[in-house]
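In: Provided below for reference: sequence and predicted model.
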Amino acid sequence: MADMLFYPELSHSNYSETMIMTPINSTYAVTFGLPRRNVSVVCIREGIMQFRGVWVGDSPFKFVTPVFLLQLSMASILTGTCNFLLKPFGQVSFVSQMLGGFMAGPSVLGRNLTFKYSMFPFKSLYVLETISSFGCMFFLFLVGVGMDLRMIRTSGRKAWAIGISTFLLPMMLTLPLSFILRFFVKMEHGLKSSITFIAVLQSMSTFHGVAWFLKDLKLLNSELGRLAIASSMISGLLSYLTLLIAFSAKQTQLSGYGFTTWLHNFASAVGQVIFMKYFIKPLMIWMNKQIPRGEPVKELHHCLVLALVLASAFISEVLGQHYYFGPMALGLAVPAGSPLAYTLMDKLDCFVSAIILPLYFITVGGKTNLGCVTSRTFFLVELIQILSVFSKFTAALVSCVLCDINLKDAVVLGLMSCTIGILEVQFYVRANQLMYIDFESYTILVVSAMCVTGAISPLVKVLYDPSMRYVAYMRQTIQHTKRDVELRVIACVHFQENVPVILNILEASNPTRESPICIYLLHLVELVGRASSLLVNHRSLKKMKKVESPIFASESIINAFRTFERNNQSIVTLQPFTAIAPYATMHDDICALAMDKKASLVIIPFHRRWNIDGVVESAKYRNVNLQVLEKAPCSVAILVDRGAYGGPRSVLGSWSFYRVAIVFFGGPDDRESVAYAMRMAGHPNVSVTVIRLVAFGDKNEDAIERKFDGDVINEFRMSCMGSERILYKEEIVSDVFGTVTVVRSLENSYDLIMVGRRHERESPLLSGLTEWNQYPELGYIGDMLASEDFKGKVSVLVIQQHACIPEESPEGSHRFRKAVLRHQNSFAPSEDLKSSNRFRRRG
């Protein structure tokens with residue numbers, strides 16, 4: 001179809017045929033035993049590929065190779081620029097790339113003849129379309145690699161209800177409308193012959209479009225995102241099966257062959273799927289088993305998989321299917337989340353998505369020309385498009401309401417179900433190539449796909465905020481947890497190195513029969529090699545075996561915590577989880593688990609790690625910590641482990657006490673630290689020291705805050721009276737230099753130092769530290785303890801107390817509304833503290 005790419009005027013009465021280049025006469029193509037047909041042949045001068053350079057007088061615009069390189073660069077720059085400009089407005093990358101391709105086409109830049117003949121000379125189009133097809137083919141293969149069909153089997157009734165309804169209702173409404181329009185409305189012959197197939201195409205939905213949409217909006221592992229993914233898999237599978245039958249039937253009808261040919265086409269597609277399921281998938285599983293734990297995947301395996309991609313595309317084309325069909329089925333045969341899937345995504349994703357795939361959007365845009373669209377055709381096609389979007393939205397909305405999903409979430413899920421992605425566009429391209437739809441209708445469908453998704457993206461971003469689910473009606477803190485009830489802690493782990501120090505802190509937390517500890521272990525794993533996020537509950541052994549893979553490395557981490565549980569039977573309970581999600585949205589799993597389990601504390605490692613080779617830092621981990629601090633429905637503790645490379649001292653395995661120090665300035669976070677210390681003080685192997693810094697001659701301290709601080713300190717002193725392991729002392733300092741001196745004196749004197757995160761910025765004890773606060777998530781003192789100037793090999797626990805603010809009713813009474821968390825995005829400790837202080841004064 002290169003003769004219509006950027007040159008739609010070459011199509012004859014909306015009919016064209018793919019040309020096979022042949023050295024024989026210019027009237028007939030190679031027939032391969034099929035009936036001969038007249039075709040148009042364009043002769044291209046031999047040698048146009050060999051560009052010798054401008055110094056010998058050759059123009060780069062007259063040779064295929066330099067023109068193709070220029071097209072490749074322009075495609076990446078144009079789509080990347082559109083993405084950069086539209087992303088702040090909540091647009092997904094599909095819209096940006098479609099817009100970039102549309103701008104390069106005959107409707108915008110391609111209207112300029114100089115631009116068209118220089119950038120897209122006819123002799124370069126076959127190379128351009130061939131390479132762009134490879135880009136789309138490998139992209140759909142990677143999407144198949146990330147798709148886990150097991151989600152269909154494990155989907156609940158909600159996903160099945162939404163998936164089936166969003167497939168059936170659009171079909172039931174758009175098909176009758178297309179028949180009515182065809183028989184009762186006057187239209188052009190091309191539209192009349194294709195309007196029924198247009199209704200079928202617009203009724204379809206795919207998993208690929210929804211997954212790409214949710215990934216760009218960072219909603220993959222949100223509650224609605226998971227439901228949308230599961231339902232789109234069901235509706236997408238039904239849609240693809242319908243289109244497989246429709247394409248085969250239409251192709252048989254137009255070619256003039258009978259039912260037997262259609263049956264052969266359909267049977268060959270089913271045969272390919274069976275072959276992938278029972279022959280290729282076992283091969284992929286065997287290849288995964290040959291990869292030693294922790295070792296990279298062999299290059300031989302990569303080459304074999306890529307060869308299989310090309311071979312499957314060839315077989316699909318030979319058997320009468322589109323050559324995308326085989327690679328998509330092959331991608332589904334690769335075990336999702338496996339080391340092979342991980343490395344394939346890692347090696348191919350960036351190159352395919354950023355370099356080759358933009359060429360595909362250029363070719364899609366090159367076939368669209370709004371100047372050729374008549375108003376009547378536009379109105380009729382858009383009428384079916386609007387009905388299709390409305391029916392999908394209504395089907396999802398009604399299904400959600402019947403499944404007891406609140407109306408706002410139902411509206412958002414309905415919008416998600418209406419999104420259109422790259423696979424739908426490929427269906428339009430294929431239908432146009434096979435003459436199932438005319439050129440005008442194809443242009444309208446492509447532009448409508450861009451507009452529909454472009455309109456839905458900002459609506460979903462405005463209407464749906466996953467963090468609103470984490471709101472709390474009461475304070476979930478250690479200070480406000482009764483001493484005789486279970487303490488629930490979310491322990492987050494990135495690596496095995498995080499485990500010993502977290503276990504020490506949990507052991508020091510003094511689990512007893514009167515006040516046991518329930519640990520929700522959450523191993524955080526980056527989402528690579530699959531398209532949908534996953535939260536695995538390892539208590540379900542059957543489910544665990546299904547998702548277990550060497551890449552997850554959860555087994556050794558969980559075993560360490562299970563050993564801790566066995567050593568503390570009846571006083572420690574463990575529930576291990578693995579969160580597989582993008583780091584950009586990993587905080588959703590942490591916050592959702594804390595909310596569901598009513599946890600009082602989340603412990604999460606600091607993004608910097610100290611080891612023998614120096615300091616290792618990860619910006620991805622830091623983003624997770626910042627988001628958890630902002631949105632968590634309970635208290636949060638960031639663990640800075642500076643003693644990991646020296647080996648943390650065990651609470652039980654040492655002859656001396658496990659030494660804990662609390663630096664107390666005042667405020668809710670410091671009170672939370674003291675409350676945690678009071679719990680630790682009951683452990684016979686733990687010594688606790690509370691060091692309170694008092695400003696000399698400070699008369700500006702808030703009286704109410706001073707009273708709250710005094711109450712907590714008095715409670716600590718009374719509860720620990722008479723114990724030689726417990727020490728309280730006050731240090732009177734006059735300025736920030738005195739504060740630094742006291743903090744520096746703690747180097748190598750303790751095993752664990754606990755500090756609050758937020759303090760008053762105007763305090764004379766902290767004046768000057770605010771200007772050197774490198775890591776605001778640690779607060780002023782925590783940042784000092786984590787700096788390179790502090791030489792102590794000590795673990796630091798920076799605690800932020802959870803606070804929710806009551807809303808005053810018109811009658812003057814106080815009532816808690818959905819948790820209004822005032823953890824500021826700026827992470828300015830003083831501002832957060834002021835919000836908490838307002839709560840204290842009003843409450």
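Out: Perfect, thanks for sending it.

In: Name the helix or strand of this protein that has the lowest mean pLDDT.
Out: Per-element confidence for the chain was summarised using mean pLDDT, DSSP states H and E. The lowest value among helices and strands belongs to strand 814-815, with a mean of 34.

In: Just give the number of residues close to Phe120.
Out: For Phe120, the count of nearby residues is 26 (other Cβ atoms under 10 Å). Placement of C-beta: from N, CA and C, glycine included.

In: tell me the average confidence for the biggest helix by length in the chain?
Out: Counting residues, the longest helix found in the chain (DSSP state H) is helix 223-255. When pLDDT is averaged along helix 223-255, the result is 81.

In: From the contact counts, what lies against that helix?
Out: helix 150-154, helix 157-184, helix 189-203, helix 207-216, helix 259-275, helix 407-417, helix 422-433 (3 or more Cβ pairs under 8 Å, 6 or more residues apart in numbering; DSSP states H and E).

In: What are the buried residues along the third one?
Out: Spelled out, it's helix 189-203. 190-203 (16 or more other Cβ atoms under 10 Å).

In: and Gln71, which of the three is it?
Out: At Gln71 the chain is in helix, as set by DSSP: H, G, I helix; E, B strand; the rest coil.

In: any low-confidence regions in the stretch 351-500 of the chain?
Out: Per-residue confidence for the stretch 351-500 of the chain (pLDDT under 70) gives these ranges: 469-474.

In: change it to 90
Out: 351-357, 363, 365-375, 403-406, 408-409, 421-423, 426-427, 429-440, 461-487, 494-500 (pLDDT under 90).

In: Could I get the full set of strands for it?
Out: According to DSSP state E, counting those that start in this stretch, the stretch 351-500 of the chain carries its strands in the segments 487-493.

In: Would you map the helices across it?
Out: Assignment of helices within the stretch 351-500 of the chain using DSSP state H, counting those that start in this stretch yields the ranges 357-366, 375-402, 407-417, 422-433, 439-463, 499-508.

In: Using TSV, lay out those together with mean neighbour count and distance to Met137.
Out: Putting these into TSV (neighbours: other Cβ atoms under 10 Å; distance: least, Cβ to Cβ, whole Å) gives the following:
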stretch	mean neighbour count	distance to Met137
helix 357-366	28	9
helix 375-402	20	27
helix 407-417	21	26
helix 422-433	22	10
helix 439-463	20	19
helix 499-508	22	43
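
In: thinking again about what came up before, between the buried residues of helix 189-203, which sits nearest Phe134?
Out: Closest approach between the buried residues of helix 189-203 and Phe134, by Cβ to Cβ: Leu201, at 24.0 Å.

In: For that closest one, which non-adjacent residue is spatially closest?
Out: Distances taken as Cβ to Cβ, 6 or more residues apart in numbering put Phe427 closest to Leu201, at 5.7 Å, once the chain neighbours are dropped.

In: Show me how far stretch 735-750 is from its chain's centre.
Out: 42 Å (Cα atoms, centre = their mean, to the nearest Å).

In: how far does that stretch stretch from start to finish?
Out: Taking Cα to Cα, to the nearest Å, stretch 735-750 runs 24 Å from one end to the other.

In: Mind listing what's buried along it?
Out: Judged by neighbour count using 16+ other Cβ under 10 Å, the buried positions of stretch 735-750 are Val736, Gly738, Thr739, Val740, Val743, Leu746, Tyr750.

In: which outside residues touch it?
Out: Judged by Cβ atoms under 8 Å, 6 or more residues apart in numbering, the contacts made with stretch 735-750 from elsewhere in the structure are 659-661, 663, 689, 691, 693, 731, 733, 753, 764-769, 781, 784-785, 790-794.

In: Tell me the buried residues in stretch 484-491?
Out: Buried residues in stretch 484-491, counted by 16+ other Cβ under 10 Å: Glu486, Leu487, Arg488, Val489, Ile490, Ala491.

In: sorry, that was for stretch 578-597
Out: Buried residues in stretch 578-597 (16+ other Cβ under 10 Å): 578-595, 597.

In: Isn't Ile732 up against Phe696?
Out: Yes: counting by Cβ atoms under 8 Å, Ile732 sits close enough to Phe696 to count as a contact (5.2 Å).

In: my read: Lys347 touches His302, true?
Out: Yes: with the criterion set as Cβ under 8 Å, Lys347 and His302 qualify as a contacting pair; they are 6.9 Å apart.

In: Turn the helices and strands packed on helix 223-255 into TSV, including distance to Ala560.
Out: Output for those, formatted as TSV (distance: least, Cβ to Cβ, whole Å):
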stretch	distance to Ala560
helix 150-154	28
helix 157-184	35
helix 189-203	52
helix 207-216	33
helix 259-275	43
helix 407-417	38
helix 422-433	43
